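# Sequence and computational prediction follow.
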2 protein chains.
Amino acid sequence: MTEKQNHKFRKVREQSFDIEEMSKEILAGNRNMLARAVTLVESQTQAKQKQAQDLLHSLLPHSGKSIRIGITGVPGAGKSTFIESIGLMLCEQGHRLAVLAVDPSSSVSGGSILGDKTRMEELSKHPNAFIRPSPSGGTLGGVHRKTRESILLCEAAGYDIIFVETVGVGQSEVIVRELVDFFLLLVITGAGDDLQGMKKGIMELADAIVVNKADGENEKNALLARREYNQILSLVQPATKGWRTRAYTLSALYKKGLKEIWEVIINFSKQTKESQVFYERRKLQTRQWLNQSIRDELENRFYGNPEIKVLVQKYMQDVTEGTLTVTQAVMNLFDVYERKK
Amino acid sequence: MTEKQNHKFRKVREQSFDIEEMSKEILAGNRNMLARAVTLVESQTQAKQKQAQDLLHSLLPHSGKSIRIGITGVPGAGKSTFIESIGLMLCEQGHRLAVLAVDPSSSVSGGSILGDKTRMEELSKHPNAFIRPSPSGGTLGGVHRKTRESILLCEAAGYDIIFVETVGVGQSEVIVRELVDFFLLLVITGAGDDLQGMKKGIMELADAIVVNKADGENEKNALLARREYNQILSLVQPATKGWRTRAYTLSALYKKGLKEIWEVIINFSKQTKESQVFYERRKLQTRQWLNQSIRDELENRFYGNPEIKVLVQKYMQDVTEGTLTVTQAVMNLFDVYERKK
């Protein structure tokens, strides 16, 4: 067989995954097969998407049995160190941990915040951990869908803790909040203006605020910041019904305070499951996801029309200059859109 | 002429408004004609919408020259009394004031928060005031559009101050924030839990928080509340770039503190115009409006399809029960949607 033939042969083989076999392997906890399944879910071609959906459909009854934890914080807050430290602790306890990432900026740049697995070197080597870089490319809605479906795959593969990490860019926290049960905001003390520099509404999404780097000379500042956060938190509505969001300190580097945070999460899970809030949120999230997916698909089709794309640009200018009313612009756009189909 | 013929004749006359004539009368400040124009903008029929757009198009160059002020607050905060008091003061100063209302709840109930003009009895009689109840019926997007277009009409008619009142229901504050230059949150002191009962993110939308009913025995509490609000405000990002949101007290009933609030608004206008933030926001708002209108139209057409409507209901259940993936549901929906067109 020539190299070219060999390559062709391999390509055909890859495309004709046996979905039933794949499903079985994933349920058995095969990490390599899980990685391939996530790639399938992330693929853009229609044929692969069809396969991905068949696979998800067969795994759906086995999903849902994890605690999904969102982790956000500005660059430099120590998210990777935190995930590595607490992740290793959990894996050592026998948990199976999947770390996924959402990075809307990578939809534009094609980059990936977790592209370099060496950022969590020890954790990535642990047999109980599955670390997956952020899916690059595609729209925000696409990144959203891929992450959601990857969560389902990881759960079917037996991962009982899912971390969804996000870099604090654009709308990423809002998206991740809609994907997870528990949302953790990692902060650090700094130039003194941390609180003012905080993104609008971010505190109201959090189920816990964790002041990292509470070590050495910085410990005092961290404790002070915790108090300030607790003061504000006592004034805002909690993110989760019946749960009081509080601030905590820890040192991810020196592995101090990790157990305490994990206990907070365990308590949260217990309490919200008892009150049904946990299950109600998951149902709501699924409904929101369906609505959002419909919206995304409608917009993708509309703006994907080349004539519409040009017209929208033109009208955008006309309406801001005041030479066209917005309603007229919309009427014209839909006349063209309906005619062209 | 019989009564029936007369009625028919009148009906025909009403439908064939001379848009050019109407435009001229509005520019001349004819209040009755303005009211009819707002009705035209609020109408749902296609023929009238066409007329409304022609009218708006001719008036567009004469719009924009007002300060648009959003006013929100829980029921009982005293919004009507505040608008009546400050409105009368402004009208007496020679300003021309239009009061519009946004009430998403009326899209459902068909009711209207300003339906009863007697709520602002004195103001509604003033020759310099134009008070318009909330448009009832239609979708949220529809209410949004009608209010925006009514603002443009009022501006063309020479109203230099536009109040947009909203009852604090659902997403109404977020919508009104996108319609106005300055956003005022009216609050009262109460059971002591005012701050905690506050809607999420509402403080971060405001350019001023005004503690009303700072009179009599309540004045002390109001001053205390102002201090608390200022403390929190010093920690959140301001709604408007370069503007520091502060808390104030007033008594709308005893007309105390009205001038001071108006000075705050004047300063805001001056400062943001100098920094261009004022104009940049208006441009952004217009662009957002176009995007939102396109989204609304896409969804109206999609969910307006009877077969789709039934299918979405069914799939919504299937996905929450975990018997169908969201992506599968979307694929099926769009297969049906495309086929049926």
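Received it, and whenever you're ready, just let me know what you need. Numbering: from 1, shown residues only, chains lettered A, B, ... in the order given.

# mind listing the strands in chain A by residue range?
Secondary structure of chain A (DSSP state E): strands located at A:67-73, A:97-102, A:129-131, A:161-167, A:182-187, A:208-211, A:246-249.

# Save those strands as JSON lines, and put in mean pLDDT, mean neighbour count and distance to chain B too.
C-beta here means a position set from N, CA and C on the backbone, and glycine is covered the same way. JSON lines is the format used below for those (pLDDT from 0 to 100; neighbours: other CB atoms under 10 Å in any protein chain shown; distance: least, CB to the nearest CB, whole Å):
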{"stretch": "strand A:67-73", "mean pLDDT": "95", "mean neighbour count": "24", "distance to chain B": "15"}
{"stretch": "strand A:97-102", "mean pLDDT": "91", "mean neighbour count": "27", "distance to chain B": "17"}
{"stretch": "strand A:129-131", "mean pLDDT": "95", "mean neighbour count": "24", "distance to chain B": "21"}
{"stretch": "strand A:161-167", "mean pLDDT": "91", "mean neighbour count": "25", "distance to chain B": "17"}
{"stretch": "strand A:182-187", "mean pLDDT": "95", "mean neighbour count": "24", "distance to chain B": "13"}
{"stretch": "strand A:208-211", "mean pLDDT": "95", "mean neighbour count": "26", "distance to chain B": "13"}
{"stretch": "strand A:246-249", "mean pLDDT": "96", "mean neighbour count": "21", "distance to chain B": "13"}
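
# For residue B:323, which of those is the nearest?
For the strands of chain A, distance to residue B:323 was read as CB to CB. The smallest value, 20.7 Å, belongs to strand A:67-73.

# Give me the distance between that closest one and the centre of its chain.
Centre-to-centre, strand A:67-73 and its host chain are 8 Å apart (CA atoms, centre = their mean, to the nearest Å).

# could you check the angle strand A:97-102 makes with it?
50 degrees (axes from the mean of the first three to the mean of the last three CA atoms, to 10 degrees).

# Okay, now the sheet partners of strand A:67-73, with direction.
strand A:161-167 (parallel), strand A:182-187 (parallel) (DSSP bridges).

# Make CSV from these and add distance to residue B:121 to it.
Output for the strands paired with strand A:67-73, formatted as CSV (distance: least, CB to CB, whole Å):
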stretch, distance to residue B:121
strand A:161-167, 53
strand A:182-187, 49
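
# what about residue A:86, neighbour count?
Neighbour count of residue A:86, defined by other CB atoms under 10 Å in any protein chain shown: 26.

# and the closest residue to it other than its chain neighbours, how far is that from residue A:162?
Leaving aside its chain neighbours, residue A:86 sits nearest to residue A:258 (4.9 Å; criterion: CB to CB, 6 or more residues apart in numbering or on different chains). The spacing between residue A:258 and residue A:162, counted by CB to CB, to the nearest Å, is 18 Å.

# same check, this time on residue A:96
Taken as CB to CB, the span from residue A:96 to residue A:162 is 10 Å.

# for residue A:339, same thing?
Residue A:339 is 46 Å from residue A:162, by CB to CB.

# what's the answer for residue A:61, then?
Taken as CB to CB, the span from residue A:61 to residue A:162 is 18 Å.

# picking that back up, contact partners for the residue nearest to residue A:86?
Neighbour list for residue A:258: A:85, A:86, A:89, A:250, A:252 [criterion: CB atoms under 8 Å, 6 or more residues apart in numbering or on different chains].

# Extract the residue ranges of the stretch 1-150 of chain A that are flagged as low pLDDT.
For the stretch 1-150 of chain A, the stretches flagged by pLDDT under 70 are A:1-17, A:103-118, A:136-141.

# Domain map for chain A?
A:1-62, A:63-273, A:289-340 (automatic domain parsing).

# Just name the most buried of those.
domain A:63-273 (a mean of 19; mean count of other CB atoms under 10 Å in any protein chain shown).

# the inter-axis angle of the biggest helix by length in chain A versus strand A:182-187?
Longest helix in chain A, counting residues (DSSP state H): helix A:277-303. Orientation note: helix A:277-303 sits at an angle of 80 degrees relative to strand A:182-187 (the same axes, to 10 degrees).

# hmm, helix A:277-303 in reach of chain B?
Yes - judged by CB under 8 Å from any CB of the partner chain, helix A:277-303 and chain B are in contact via A:283, A:286-287, A:289-290, A:293-295, A:297-299, A:301-302.

# Good, wrapping up.
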